[in-house]
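In: sequence first, predicted model second:
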Amino acid sequence: AQSVAQPEDQVNVAEGNPLTVKCTYSVSGNPYLFWYVQYPNRGLQFLLKYITGDNLVKGSYGFEAEFNKSQTSFHLKKPSALVSDSALYFCAVRDGTGGYNKLIFGAGTRLAVHP
Amino acid sequence: DTGVSQNPRHKITKRGQNVTFRCDPISEHNRLYWYRQTLGQGPEFLTYFQNEAQLEKSRLLSDRFSAERPKGSFSTLEIQRTEQGDSAMYLCASSLASGTADGYTFGSGTRLTVV
């Protein structure tokens, strides 16, 4: 079965510093990978996706993610963190088992950006 | 309408009562998904519609749960004889059916509390 793992429950970073939120995946076949962000009492918002092509994917709000096939990773990055980036971040993988596509989410990583 | 709408936003019910939630997807999206999110966890897949056809149901969806999408537009999720373990955020998402996995658009969710 397809799965993703987010090894860190929480990431703390100072405003202005670079941030990385980690994600590793386990899939059969080519991976379709996604990052979503969730603010308190809100639904998930799409940030970016990797389907094919360049290993560095650029998304919303200055976020980017690096696909690494040899390490089966898809880490989310931002060069300079903002306090407003504080939220819950979810990595997800497409699961096409049974012929129907759905997204399987990791447990999430809480990002705290301190002034 | 530019987003996915879910009603109600919050629902408090007594154990044993039935509850029904509604989701209105983006009008041109023919795929609709229901997920459940408990505290500290990522969203867990419940079920999926393409137009009015319910194509997949998770094993998480017990006999007490039923979902419909009668005309391929809005969807309802009903929980019968609610239990305290049903307390969670219920998320609806929609997407276009396409050859590649598009990102979903999520609603803000319905938070269910069973007392």
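Out: Received the coordinates, thanks.

In: show the pLDDT at the residue most central in space within chain B.
Out: Per C-alpha atoms, centre = their mean, the C-alpha nearest to the average position across chain B is that of B:W34, at 3.1 Å. We note a pLDDT of 96 for B:W34 in this prediction.

In: ok, then the element right after the helix or strand of chain A with the lowest mean pLDDT?
Out: One helix or strand of chain A scores below all others by mean pLDDT, DSSP states H and E: strand A:102-105, with a mean of 90. Sequence-wise, the next helix or strand downstream of strand A:102-105 (DSSP states H and E) is strand A:109-114.

In: and that following strand, what does it pack against?
Out: strand A:10-14, strand A:19-21, strand A:87-95 (3 or more C-beta pairs under 8 Å, 6 or more residues apart in numbering or on different chains; DSSP states H and E). For glycine as for every other residue, the C-beta is placed from the backbone atoms N, C-alpha and C.

In: of the ones you listed, which is nearest chain B?
Out: For chain B, the closest of those is strand A:87-95, at 4.1 Å, according to C-beta to the nearest C-beta.

In: what helix or strand is the residue nearest to the centre of chain B on?
Out: strand B:31-37.

In: tilt between whichever helix or strand comes after that strand and strand A:87-95?
Out: Downstream of strand B:31-37, the next assigned helix or strand under DSSP H and E is strand B:44-50. Counting by axes from the mean of the first three to the mean of the last three C-alpha atoms, to 10 degrees, strand B:44-50 lies at 60 degrees to strand A:87-95.

In: and strand B:44-50, anywhere near chain A?
Out: Yes - applying C-beta under 8 Å from any C-beta of the partner chain, one finds strand B:44-50 touching chain A at B:E44, B:F45, B:Y48, B:Q50.

In: what lines up beside that strand in the sheet?
Out: Partners of strand B:44-50 in the sheet, by DSSP bridges, are strand B:31-37 (antiparallel), strand B:53-57 (antiparallel).

In: kindly export the lowest-mean-pLDDT helix or strand in chain B (C-alpha atoms) in PDB.
Out: Lowest by mean pLDDT, DSSP H and E among the helices and strands of chain B is strand B:53-57, with a mean of 89. Listed next in PDB are the C-alpha coordinates belonging to strand B:53-57 (Å, rounded to 0.1, in the frame of the first residue of the first chain):
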ATOM      1  CA  ALA B  53     -21.500   6.800  -8.200                       C
ATOM      2  CA  GLN B  54     -19.900   5.800  -4.900                       C
ATOM      3  CA  LEU B  55     -16.800   4.100  -6.100                       C
ATOM      4  CA  GLU B  56     -14.900   3.200  -3.000                       C
ATOM      5  CA  LYS B  57     -15.500   2.900   0.700                       C
END
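
In: residues of it that come out buried?
Out: Under the neighbour-count criterion of 16 or more other C-beta atoms under 10 Å in any protein chain shown, strand B:53-57 has B:E56 buried.

In: quick one: distance of the helix or strand following that strand to the chain centre.
Out: The first helix or strand that comes after strand B:53-57 along the chain, using DSSP H and E, is strand B:65-68. Once both centres are worked out by C-alpha atoms, centre = their mean, to the nearest Å, strand B:65-68 turns out to sit 9 Å from its chain's centre.
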